[in-house]
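Colleague: Sequence and predicted structure, then a few things I'm wondering about:
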Amino acid sequence: MPTPQAMSPEKKLFLRERELNALLEITQAINHDPTEDALYKIFQFTLLGQLNIRRLVLYVKEEGEWACMVSFGSDLSDFRRIPLPEAISNNCTNTPCPVPALNLRAEWQNLETVIPVVNNGEVLAYVLIGNVQADYVSDEATKFLETLSNILIGAIQNRRLARQRIESAAMRKEIEIAQEVQTMLFPRQLPNDVGVAVSASYVPHTAIGGDYYDVVNIDANRFLFCVADVSGKGVPASLLMSNFQAGLRTLLRQQADLSTVVSELNNLIYRNAVSEKFITAFFGIYNRSTRELQYVSAGHNAAILLPDSGPHQLLSEGTTMLGIFEDLPFLHVQSLTVPPRSLLLTYTDGLTEVFNTAGEEYGEEGVIAFLGNARYLPLKVLHQEVLKEIEAFNENGNSFADDVTILSCRFK
């Protein structure tokens with residue numbers, strides 16, 4: 001490393017002029033709003049052209065990890081592939097360090113000084129320089145390099161923060177729109193008449209869940225009810241559910257039978273789903289005048305039917321998950337007569353996939369046991385009580401691992 005010598009006033013003035021030019025180039029580049037990569041290149045060319053620094057390596061902390069962003073000069077290794085040594089990060093935390101004193105490997109020996117770039121007591125970057133002209137090795141000069149680097153790193157951080165704010169605002173808007181869409185998917189009114197009462201509850205795990213339920217009147221006697229669960233969460237799941245609902249309601253307006261409804265929805269999801277998404281669903285069509293219930297379980301949790309007397313019945317037959325196959329490999333529409341004063345409970349797997357501290361799952365058996373004691377409660381109260389029970393059972397308290405949707409029908 002060259003030894004600093006006393007500079008003449010002319011040399012000192014010349015050096016200050018070059019420093020000002022370097023500072024001007026960097027600030028002009030920042031004001032012209034180039035990309036981060038362009039800023040690093042301008043930084044490199046500024047130090048090379050204005051300050052005659054022939055070798056430079058710049059490490060910047062990126063998400064808690066050190067990354068080499070600039071590496072130029074003759075006889076230098078590609079430091080973008082070389083991790084920052086702990087000898088630098090542990091020892092150079094405040095003032096410049098001479099490279100020979102750090103006992104680094106051979107590839108570091110063409111560099112002479114490590115300059116930490118510090119802000120509020122935290123090292124944001126390391127500037128390593130080598131082959132520097134004799135006039136540019138004073139403490140004052142290295143301090144200017146630190147200042148120049150601080151301006152660059154600060155500008156880049158400000159850009160990232162601004163970009164993150166914009167991205168966060170866009171994300172919040174997306175979530176807000178998706179929440180509105182999801183809210184609009186749920187029916188405003190549920191049947192409650194002399195023949196049947198229906199109630200539904202929805203507890204999302206995240207801001208935008210992947211569950212869906214619907215009840216649609218087909219004619220004066222018949223209505224369809226559905227509970228569905230999209231793989232995944234967030235905006236894509238919400239959009240897929242909106243397509244699902246639009247398809248379902250269009251098919252019902254066309255008086256399609258249940259077999260056609262399920263087949264066409266499978267085709268719709270297969271064509272529109274991305275990232276290997278699929279939907280499980282339970283569909284039921286109830287006829288008040290005949291008490292006939294037609295149903296299809298598409299890879300979904302079995303609905304639980306409890307007659308007024310006798311054992312419960314699991315409604316699990318139908319077909320596979322929707323959206324996996326272009327054509328469903330099989331489809332069986334089941335039909336049964338619902339006895340008076342029966343209760344039907346449909347739900348998504350967030351209700352059953354809850355575990356206690358011993359690792360035991362609440363499961364389908366837990367739901368059936370609960371219904372055995374609470375089946376005659378008003379439907380809304382029944383939902384509240386089963387949610388309280390799984391909260392108490394859940395080792396994570398009231399934080400569920402998935403959305404919970406419950407739709408129940410009391411047949412009078």
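Modeller: All right, it came through fine. Numbers count the residues shown, from 1 in each chain.

Colleague: if I look at the closest residue to Gln157 other than its chain neighbours, how far off is Thr320?
Modeller: Spatial nearest neighbour of Gln157, chain neighbours left out: Leu124 (7.7 Å); criterion: CB to CB, 6 or more residues apart in numbering. Yep, even glycine has a C-beta here, placed from its N, CA and C like the rest. Counting by CB to CB, to the nearest Å, the gap from Leu124 to Thr320 is 54 Å.

Colleague: Same check on Ala169?
Modeller: On the measure of CB to CB, Ala169 and Thr320 end up 41 Å apart.

Colleague: quick one: low-confidence ranges for this structure?
Modeller: 1-34, 46-52, 131-142, 171, 174-175, 177-185, 205-209, 233-234, 274-276, 396-401 (pLDDT under 70).

Colleague: how about the helices in it?
Modeller: 9-31, 36-50, 86-91, 139-185, 234-253, 258-272, 363-374, 379-393 (DSSP state H).

Colleague: Output the ones you listed as CSV; include the columns distance to Tyr286 and mean neighbour count.
Modeller: Shown next, in CSV, are those (distance: least, CB to CB, whole Å; neighbours: other CB atoms under 10 Å):
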stretch, distance to Tyr286, mean neighbour count
helix 9-31, 67, 14
helix 36-50, 60, 17
helix 86-91, 68, 14
helix 139-185, 21, 15
helix 234-253, 14, 19
helix 258-272, 11, 19
helix 363-374, 19, 15
helix 379-393, 15, 17
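
Colleague: Let's have those in TSV, adding distance to Asp349.
Modeller: Below are the helices of the chain laid out as TSV (distance: least, CB to CB, whole Å):
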stretch	distance to Asp349
helix 9-31	52
helix 36-50	44
helix 86-91	47
helix 139-185	18
helix 234-253	15
helix 258-272	18
helix 363-374	10
helix 379-393	12
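
Colleague: Which one, of the ones you listed, ends up nearest to Asn356?
Modeller: helix 379-393 (5.4 Å; CB to CB).

Colleague: ok, and what's touching that closest one?
Modeller: 197-199, 201, 203, 351, 354, 356, 362, 366-367, 370, 374-375, 377, 397-398, 400, 404, 406, 408, 410 (CB atoms under 8 Å, 6 or more residues apart in numbering).

Colleague: Now the buried members of those.
Modeller: Those of the contacts of helix 379-393 that meet the buried threshold are 197-199, 201, 203, 351, 354, 362, 366-367, 370, 375, 400, 404, 406, 408, 410, by 16 or more other CB atoms under 10 Å.

Colleague: Figure out which of the helices of the chain is closest to Leu315.
Modeller: Leu315 lies closest, by CB to CB, to one member of those: helix 363-374, at 12.1 Å.

Colleague: now for the closest one, which elements pack on it?
Modeller: Applying 3 or more CB pairs under 8 Å, 6 or more residues apart in numbering; DSSP states H and E, we find helix 363-374 packed against strand 303-306, strand 342-347, helix 379-393.

Colleague: what sits opposite Asn119 in the beta ladder?
Modeller: Bridge pairing for Asn119 (DSSP bridges) gives the partners Glu122.

Colleague: From Glu86, how far out is it?
Modeller: To Glu86, Asn119 is 21 Å away according to CB to CB.

Colleague: Check Val198 too.
Modeller: Separation of Val198 from Glu86 (CB to CB): 65 Å.

Colleague: cool, and Leu258?
Modeller: Leu258 sits 66 Å away from Glu86, going by CB to CB.

Colleague: again, but for Thr147
Modeller: For Thr147 relative to Glu86 (CB to CB), the value is 26 Å.

Colleague: Then Ala369?
Modeller: Distance, Ala369 to Glu86, using CB to CB: 58 Å.

Colleague: what's the answer for Lys143, then?
Modeller: Taking CB to CB, one finds Lys143 at 25 Å from Glu86.

Colleague: Same question for Gly350.
Modeller: Remark: distance between Gly350 and Glu86 (CB to CB) = 46 Å.

Colleague: ok, now Glu364?
Modeller: 54 Å.

Colleague: Spatially, which residue comes closest to Leu377, not counting chain neighbours?
Modeller: Spatially, and ignoring its direct neighbours in sequence, Leu377 is nearest to Glu385 (6.5 Å; CB to CB, 6+ apart).

Colleague: Ser89 now?
Modeller: Among residues not flanking Ser89 along the chain, Trp66 sits closest, at 6.9 Å (CB to CB, 6+ apart).

Colleague: beta partners of that neighbour?
Modeller: Bridge pairing for Trp66 (DSSP bridges) gives the partners Lys61.

Colleague: Which residues lie in contact with it in this structure?
Modeller: 59-60, 83-84, 89, 126.

Colleague: Span of stretch 299-311 from start to end?
Modeller: Stretch 299-311 has an end-to-end distance of 23 Å (CA to CA, to the nearest Å).

Colleague: Buried residues of that stretch, list them for me.
Modeller: In stretch 299-311, counting by 16+ other CB under 10 Å, buried: 299-306.

Colleague: Distance from that stretch to the middle of the chain?
Modeller: 36 Å (CA atoms, centre = their mean, to the nearest Å).

Colleague: now stretch 62-75
Modeller: Computed by CA atoms, centre = their mean, the chain-centroid distance of stretch 62-75 equals 29 Å.

Colleague: what comes up buried for that stretch?
Modeller: By 16+ other CB under 10 Å, the buried positions in stretch 62-75 come out as 66, 68-73.

Colleague: Greatest separation within those: which pair is it?
Modeller: The widest separation within these (CB to CB) is 19.2 Å, between Trp66 and Gly73.
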